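Chemist: just a sequence and a predicted model for now, questions to come.
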Amino acid sequence: MNCSEARPLLDLLSDGALETKDSALVLDHLKLCNDCQHEWTDLEQLRASFQEAKDKSQLPAGLMERISLKLKEEERNEHKLFFKQYSRPVSMMAIAAGLALIGFLVLPWIHLIDIKPASIQTASADTLVEDLVSENTLEPVIDRNELAKKVGYDLKHVRLPEWQMNQSGVYRSLATTPIARFDFVRKGQSGDQHLSCYQAPQGVIQAKVANLENLDGKRVLLGSHGKFQFALWSQNGRDYLFVTALPKPQLEEIVRGA
């Protein structure tokens, strides 16, 4: 072992932290090297001086206890001052952090829940038929684009080549979803014939008493209310309710071609 290897180990040797093999190597080197021997002697004397000073230093009785009590008192005063200044902000931050933590934990589960759409407030087909002859049940809107804006959904076209639209507007009802209404007229042998068409998102218009029939692929509920015949079906995400005073066979023919 040379000097560069031995000198870093002198402190460890003095502390008794070297393994037996390494201690033997360092001691063998010290026997042969005067420079390392002098450094080892100086290190031992320094350690002895520290130990002697430590043994002679006697603290007054009770001093350590008084120092400990003083430190604890100062620590308590600092804590009181801290909470007095920051208790409210810390509380608000704690609440905000708690809410954020709840959101972090709960939000991922929300996406796993089968969220059902809000229940649709439906409109009765019988009520819509009655309101054809009632006043103040239609808010006239001539422009089709403006009508679509008012009801909040795109309006679908139906094929009624023989009919001419007389008026259109928003049906005033208790349903939360606005319903569009179109009134048509055509010339007949005995005078003008009238047909009204209600249009709403699918599921809004319901018929309690009606017969289900298949008309050229359309599953249509056919019924009557007073002097009127009506036909209700769903197509392209919309409910259609046709109402007319014409006989049922003529209404069926109109629905087939629509």
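Modeler: Great, that's in hand.

Chemist: what's the first helix or strand after the helix or strand containing residue 220?
Modeler: Using DSSP states H and E, residue 220 sits in strand 218-225. Counting by DSSP H and E, the next helix or strand C-terminal to strand 218-225 is strand 228-235.

Chemist: any chance you could map the strands in the stretch 151-258 of the chain?
Modeler: 164-171, 179-188, 191-201, 205-206, 211-215, 218-225, 228-235, 238-244 (DSSP state E, counting those that start in this stretch).

Chemist: I'd like these as TSV, with mean neighbour count, mean pLDDT and distance to residue 49 appended.
Modeler: Any C-beta I mention is one placed from the backbone N, CA and C, and that applies to glycine too. Output for the strands of the stretch 151-258 of the chain, formatted as TSV (neighbours: other Cβ atoms under 10 Å; pLDDT from 0 to 100; distance: least, Cβ to Cβ, whole Å):
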stretch	mean neighbour count	mean pLDDT	distance to residue 49
strand 164-171	16	93	103
strand 179-188	18	93	103
strand 191-201	19	94	96
strand 205-206	22	90	103
strand 211-215	12	92	110
strand 218-225	18	93	107
strand 228-235	21	94	102
strand 238-244	23	95	101
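
Chemist: so which helix or strand of this protein has the lowest pLDDT on average?
Modeler: When each helix and strand of the chain is scored by mean pLDDT, DSSP states H and E, helix 63-110 comes last, with a mean of 58.

Chemist: within the sheet, what are the partner strands of whichever helix or strand comes after that one, with directions?
Modeler: Next along the chain after helix 63-110, taking DSSP H and E as the criterion, comes strand 123-124. The pairing partners recorded for strand 123-124 under DSSP bridges are strand 205-206 (parallel).

Chemist: look up the pLDDT of residue 43 for me, please.
Modeler: The model reports residue 43 with a pLDDT of 79.

Chemist: now the one 5 residues further on
Modeler: pLDDT, residue 48: 78.

Chemist: Provide the secondary structure category for it.
Modeler: Following DSSP: H, G, I helix; E, B strand; the rest coil, the label given to residue 48 is helix.

Chemist: that one and residue 14, how far apart?
Modeler: As judged by Cβ to Cβ, to the nearest Å, residue 48 and residue 14 stand 11 Å apart.

Chemist: ok, those two, which is more surrounded?
Modeler: For residue 48 versus residue 14, neighbours defined as other Cβ atoms under 10 Å are more numerous around residue 14 (14 against 10).

Chemist: which residues touch that one?
Modeler: 43-44, 47 (Cβ atoms under 8 Å, 6 or more residues apart in numbering).

Chemist: show me how far the strand or helix carrying it is from its chain's centre.
Modeler: Using DSSP H and E, residue 14 sits in helix 10-15. Relative to its parent chain, helix 10-15 has a centroid offset of 64 Å by Cα atoms, centre = their mean, to the nearest Å.

Chemist: then stretch 33-50?
Modeler: How far stretch 33-50 lies from its chain's middle: 72 Å, per Cα atoms, centre = their mean.

Chemist: return the set of buried residues in that stretch.
Modeler: For stretch 33-50, burial by neighbour count (16 or more other Cβ atoms under 10 Å) applies to 33, 36, 39-40.

Chemist: same deal with stretch 12-25?
Modeler: Under the neighbour-count criterion of 16+ other Cβ under 10 Å, stretch 12-25 has 13, 18, 22, 25 buried.

Chemist: give me the element the nearest residue in space to the first one that is not next to it in sequence is part of.
Modeler: Distance criterion Cβ to Cβ, 6 or more residues apart in numbering; nearest residue to residue 13, sequence neighbours excluded, is residue 26 at 5.3 Å. Secondary-structure element containing residue 26, defined by DSSP H and E: helix 20-32.
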